[in-house]
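1. this one's structure only:
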């Protein structure tokens, strides 16, 4: 009897321990599953704790007003006007952004001497794709005399390699360097390096053409838009650059200077006419690993996201402070303004209604 009374507290303690261990084990399991499933979101949310922001740019103020001479505009920037303009070369890697490319070329045609464009038969992730530019040359007949075009053949990627998409992207940029040398560019010419959807404004290109004293390398601060010009995000687009060409100039899409010209144009990401183009780019570009579920590619979901201003990849903003992170969480606020946009877009609004406020519905 005495033995049983001594064993009873031990048995109760063991039972209570097991009873406590079960929810703890369950909680740990849930946490492990959550971390595995939402690792990317957790990482982005905690980014202000583990990542350091890049060095801030030195912003060059940008002055412009209609009916102002180039001599006056150059002087406002602390430069002086040249007696004759520099030549301008515009170099892009092309994927499938036909509408945006047409707007770019129409907008810049009076100011650019050569449009240098490289197109591959596969994406950075190795997905075969048509040579869209080559197949739509008639659309660009107006600029044919200025276009320097080449194709880059790509074999299918090894699916086991995680780094290859970025390596393929680097090979594109090396091939574009070679094409630039064949284009006739010379020392002192202006070279604009950008993706097709990063469009410098005519006012920016005019400064580069006419002003003596512009930095030999500077970034272009572009207003960021998502899906169309209805959803302005911020002014954080900085990868486009303007160079005064020399023998060491190479095509890059990364930081090359501490200087950036303010309000220098527009960057319209995922600004496509058809749903299938959105899905293709989501699978095709270097960050295709962001498509974590097949449901992300559902046409109805993509259409819903385009009209609401949500994130296609269901990701948190990439910010370095919690203040900026919380500020940008949630849908992008829509804008009813179509002022200070590319003039060719406004003059051809009926053709490009999907890029303007109120035109979010896309065809499949």
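-> That came in fine, so what should we check first? Please read these numbers as outputs of a predicted model, since none were measured by experiment.

2. contacts, neighbours, all on C-alpha from now
-> Noted.

3. Please name the nearest non-neighbouring residue to the residue nearest the centre of the chain.
-> The centre of the chain sits closest to residue 269, judged by Cα atoms, centre = their mean, with a distance of 5.6 Å. Distances taken as Cα to Cα, 6 or more residues apart in numbering put residue 226 closest to residue 269, at 5.0 Å, once the chain neighbours are dropped.

4. backbone phi and psi for that neighbour, please?
-> With angles defined as degrees, to the nearest 10, residue 226 sits at phi -130, psi 130.

5. Tell me which residues touch the residue nearest to the centre of the chain, please.
-> By Cα atoms under 8 Å, 6 or more residues apart in numbering, the contact set of residue 269 is 197, 224, 225, 226, 227, 228.

6. Residue 204 too?
-> 264, 265.

7. how about it, secondary structure?
-> The assignment at residue 204 comes out as helix when based on DSSP: H, G, I helix; E, B strand; the rest coil.

8. Could you check the pLDDT of it?
-> Residue 204 carries a pLDDT score of 98 in this model.

9. From residue 192, how far off is it?
-> Going from residue 204 to residue 192 by Cα to Cα, to the nearest Å gives 11 Å.

10. swap in residue 313?
-> Residue 313 is 30 Å from residue 192, by Cα to Cα.

11. Check residue 120 too.
-> From residue 120 to residue 192 the distance is 20 Å (Cα to Cα).

12. So between the two, which is more surrounded?
-> When neighbours are counted by other Cα atoms under 10 Å, residue 120 and residue 192 differ, and residue 192 comes out ahead with 29 against 21.

13. bridging residues for the more buried one?
-> Under the criterion DSSP bridges, residue 192 forms beta bridges with residue 90, residue 242.

14. just the helices in the stretch 251-364 of the chain please.
-> Along the stretch 251-364 of the chain, counting by DSSP state H, counting those that start in this stretch, helices occupy 275-284, 299-308, 322-328, 343-347.

15. Other residues contacting stretch 102-117?
-> By Cα under 8 Å, 6+ apart, stretch 102-117 touches 87-94, 139-140, 143, 146-150, 176, 179-180, 183, 196-197, 199, 201-202, 205-206, 342-345.

16. of these, buried ones?
-> 87-94, 140, 143, 146-149, 176, 179-180, 183, 196-197, 199, 201-202, 205-206, 342, 344-345 (16 or more other Cα atoms under 10 Å).

17. Now for the residue lying closest to residue 332 once chain neighbours are set aside, how many residues are close by?
-> Distances taken as Cα to Cα, 6+ apart put residue 309 closest to residue 332, at 4.8 Å, once the chain neighbours are dropped. Neighbourhood size, residue 309 [other Cα under 10 Å]: 21.
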